[in-house]
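*Asks:* How does the following fold in three dimensions:
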Amino acid sequence: MLDSADLRDGIKAYSNWPTIPQLYVKGEFVGGCDIVREMFQAGELQQTLKDKGVAVKADTSA
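*Replies:* Predicted structure coming up:
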């Protein structure tokens, strides 16, 4: 949790995105928590991570 209101506001201003937490992958803004959740549920987040060269653990729950 970010206790500093200035830091929270600075992050929002930097990304031009109204919500935090925010996800950055290799220095690139991906989205706020609502967008990241939707991307994960649609399987898009996993592909985005792979495309950026981030190791993604295979889903073994099936």
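*Asks:* Tell me, please, where in this structure the pLDDT is lower than the cut-off.
*Replies:* Low-confidence segments of the chain, defined by pLDDT under 70: 1, 60-62.
*Asks:* which SS state does the residue most central in space within it fall under?
*Replies:* Taking Cα atoms, centre = their mean, the centroid of the chain lies closest to L23, which sits 2.3 Å from it. Counting by DSSP: H, G, I helix; E, B strand; the rest coil, the backbone at L23 sits in strand.
*Asks:* Spatially nearest residue to E28, not counting backbone neighbours?
*Replies:* K52 (7.5 Å; Cβ to Cβ, 6 or more residues apart in numbering). For every residue, glycine as well, the C-beta is placed using N, CA and C.
*Asks:* Quick one: residues contacting the one you found.
*Replies:* 25-26, 28 (Cβ atoms under 8 Å, 6 or more residues apart in numbering).
*Asks:* Kindly tell me how buried I11 is, as a neighbour count.
*Replies:* Using other Cβ atoms under 10 Å, I11 has 17 other residues around it.
*Asks:* Thanks a lot, see you next time.
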